[in-house]
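1. pasted the sequence and its predicted model underneath.
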Amino acid sequence: MSPDAEIPFHCVINGKVYVSSSQWTSFSSSFNEYFRIHGPCVAMNIPNFVIDKVECIRSDFWPPCASSFEKRCRLWPEPSILHDIVKNGCHLVPIGHKLGIHGKEEWRISFAMAEKRLVYSMNHSQFLLYGLMKLFMKEVINRGVEENNELLCSYHMKTAVFWVLQQSVLPECNSQSFLRCFWICFKLVIKWVYEGFCPNFFIPENNLFLVKIHGSVQNKLFCELYAMYEKGLSCLFECPSVRDHIYKSLTSRAQITNPCKINPLTKELLTDLDTVGVILFNFQSCVKTLLDVEKLMNFNLGRVYSLVIQRATAAIFHQMAFCLLSLKLKSNKLVYRLSCSAIRLAVKFGDVSDMLFNAMYHFRKHNTCKTLAIVEKAKVLLKRSDMVYFGHLFENSSVGTESWLKMSESDVAMINYGFPIIIFNNTFYIEELVTEQQHSLRTPWGVLRIPSLVFLHMLEFLCCRHDGTKRPKAVLDELYELLNSNQGRYMTYLSRDISWHILGKCQEMFGNLQIALYAYRKSLDEIGMNRIRTATMERIRIVESQMHMYMRPSC
């Protein structure tokens, strides 16, 4: 335009006429006493009512500076949506660069309609992820901060969700990966704060943190976010909209009686959180059981019933310990401390068999010295003359089920019990049991029941099989003698299938294929209580194949 043109709100820069953004907004806000300028918006504030109006100029062309957006979006959003976004162009809103020399004249490129299209293209879980990020920002990150002093806003959270979905850091966001997606988004925000650079989703060269997040303010914000990160996913309990529902779901199985009082978005979000929680680990049922145990402690229970409660409590704690250990959240000290506390409580509430869970826990963490120390202590206890192996209470004709339940309190209290090791097939403990758990689970069957002494020998062998001494062979010889013994004191006939299988597997690891084959075949002869017959047959095929290969004459 020529300088002589009569254009309202105009300014002249280098001999050319432009529409001034500041004059535009000043004129728009001058019609009413309730209007005020709020960034590119004209805000109208009246009692109990707020409206933000943005007068913008539409551009039918996609800006060249945002050309990388179309090129890098391969998996999200879908090609048709991407095409529509680019085809519809962008808008110009009346606000300039805060550090520019023409800040009062410049107009900003707005991708508001493109962002709206992206949000509408989200699936259910992706939209809930966006909602959770906004809730977390509002109720945790900016808690107690005045609006004018907030460093992070909902636009930063939306940008983080866009980048995570577009880069496909995880598989498609759904109920199973929902919390993992939240954690990725949260870590991305922390990374941006640490670097002081938040890339605009459409123009990555533009820093959304510019001017606002830098220096001492940036360092303080990073420390606050990192403190939340160290708490792990438990930081969600600091979000009231989420916390209240989680507490209810953990402490009660009752349905919400008045769902109208809960925000619909929050309700859907927390329903998905419950689903994910069950997938990761059924904390709800465990916490419910622990609460029931706490109530029972208020009653004067007999020794027999106390023993049942003791076993249930110990089982919950060591299952929680291994499930927490399986949550692969790097540098998550809280989860590590929780798992350590759970296994210590299992030992405190339990008996000698729970000591072996403690040993397996340390073996899982590659602490063989600690594992062997616990194994040695447990071995002394398990071989005491007054030790009663629980399964034999029901096989022994002199101490049947009925007579055991009728024992006096003093008689029951004097017994030292050795319980079998109960391995839940849907929980990961150690790599060496995964195959057996998977085969048993197919039948389907919920647990593996391993005699405590057999399990002890297995752990001892796994710890020392590479130490170059005679100890591994001595352990296997002792286990072989234990299984061949006619006394049958240490195990029931229902657990012999997995006992022989474990011996075979240990012998196979040690290279004694002939003895391994013998043990596997003995396992098949026993009653298949643990439903591992297919796993045993698979090991037999592998061993026979190895033996055939070794016996093949060389050329």
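-> Alright, I've got the coordinates.
2. can you give me the strands in this protein?
-> Read by DSSP state E, the chain holds these strands, from start to end of the chain: 10-13, 16-19, 35-38, 41-46, 49-53, 57-59, 90-93, 108-110, 387-389, 416-418, 421-424, 447-450.
3. pLDDT weak spots in the stretch 401-550 of the chain?
-> Within the stretch 401-550 of the chain, the ranges that satisfy pLDDT under 70 run 401-418, 486-493, 550.
4. separation between Thr371 and Cys73?
-> 50 Å (C-beta to C-beta, to the nearest Å). For the C-beta atoms, the positions are set from N, CA and C on the backbone; glycine is no exception.
5. between these two, who's got more neighbours?
-> Each of Thr371 and Cys73 has its neighbours counted (other C-beta atoms under 10 Å); Thr371 has more, 24 against 21.
6. and that one, what does it touch?
-> For Thr371, the contact set (C-beta atoms under 8 Å, 6 or more residues apart in numbering) comprises Ala359, Met360, His362, Phe363, Leu459, Cys463.
7. and these, which are buried?
-> Burial of the contacts of Thr371 was assessed by neighbour count (16 or more other C-beta atoms under 10 Å); the buried members are Ala359, Met360, His362, Phe363, Leu459, Cys463.
8. separation between the last one and Asp351?
-> For Cys463, the distance to Asp351 (C-beta to C-beta) stands at 22 Å.
9. can you get me a residue count around His156?
-> Other residues lying near His156 total 19 when counted by other C-beta under 10 Å.
10. got phi/psi on the closest residue to Ser326 other than its chain neighbours?
-> Closest residue in space to Ser326, ignoring its immediate chain neighbours: Phe428 at 5.1 Å, by C-beta to C-beta, 6 or more residues apart in numbering. With angles defined as degrees, to the nearest 10, Phe428 shows backbone torsions of phi -90, psi 120.
11. residues contacting Phe428?
-> Phe428 touches Phe322, Ser326, Val434, counting by C-beta under 8 Å, 6+ apart.
12. just name the shakiest helix or strand of the protein by mean pLDDT.
-> Sorted by mean pLDDT, DSSP states H and E, the helices and strands of the chain end with helix 264-280, the least confident at a mean of 39.
13. quick one: list the elements packing against the longest helix along the chain.
-> Taking DSSP state H as the assignment, the helix of the chain that covers the most residues is helix 303-325. Based on contacts counted as 3 or more C-beta pairs under 8 Å, 6 or more residues apart in numbering; DSSP states H and E, the elements that helix 303-325 packs against are helix 283-296, helix 333-349, helix 352-364, helix 409-413.
14. pretty sure Leu494 is touching Arg531, no?
-> No: applying C-beta atoms under 8 Å, one finds Leu494 not in contact with Arg531, separated by 11.7 Å.
15. higher neighbour count, these two?
-> Of the pair Leu494 and Arg531, Arg531 is the one with more neighbours under other C-beta under 10 Å, namely 21 against 17.
16. just checking, that one touches Trp445?
-> Yes: at 4.1 Å, Arg531 counts as touching Trp445 under the criterion of C-beta under 8 Å.
17. hang on, the earlier thing: least confident of the helices and strands packed on helix 303-325, on average?
-> Mean pLDDT across the helices and strands packed on helix 303-325 is lowest at helix 409-413; the value there is a mean of 45.
18. follow-up on the earlier one: what angle sits between the longest helix of the chain and helix 352-364?
-> With axes from the mean of the first three to the mean of the last three C-alpha atoms, to 10 degrees applied, the angle from helix 303-325 to helix 352-364 works out at 10 degrees.
19. check which residues of helix 303-325 are buried.
-> Residues of helix 303-325 classed as buried: 303, 306-307, 309-325 (neighbour count, 16+ other C-beta under 10 Å).
20. same list, the contacts of Thr371, but as TSV with distance to Leu208 please.
-> Formatted as TSV, the contacts of Thr371 follow (distance: C-beta to C-beta, whole Å):
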residue	distance to Leu208
Ala359	52
Met360	49
His362	47
Phe363	48
Leu459	54
Cys463	53
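21. among these, which pair sits farthest apart?
-> Using C-beta to C-beta, these reach their maximum pairwise distance at Met360 and Cys463, which is 10.7 Å.
22. could you pull out the helices for the stretch 351-500 of the chain?
-> 352-364, 368-382, 401-405, 409-413, 434-441, 452-464, 471-484, 496-510 (DSSP state H, counting those that start in this stretch).
23. got TSV for those helices, with distance to Ser545 too?
-> Putting these into TSV (distance: least, C-beta to C-beta, whole Å) gives the following:
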stretch	distance to Ser545
helix 352-364	29
helix 368-382	31
helix 401-405	45
helix 409-413	51
helix 434-441	16
helix 452-464	23
helix 471-484	22
helix 496-510	12
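24. shaky segments in the stretch 1-150 of the chain?
-> By pLDDT under 70, the weakly predicted segments of the stretch 1-150 of the chain are 1-12, 15, 17, 21-53, 98-103.
25. all helices of it, in order?
-> Taking DSSP H, counting those that start in this stretch as the criterion, the stretch 1-150 of the chain carries its helices at 21-28, 67-72, 79-87, 112-120, 124-136.
26. winner for burial among these?
-> helix 124-136 (a mean of 21; mean count of other C-beta atoms under 10 Å).
27. taking helix 112-120 as reference, get the angle to that helix.
-> Using the same axes, to 10 degrees, helix 124-136 lies at 120 degrees relative to helix 112-120.
28. can we start the residue count at 29 from this point?
-> Yep, numbering from 29; the last one is helix 152-164 now.
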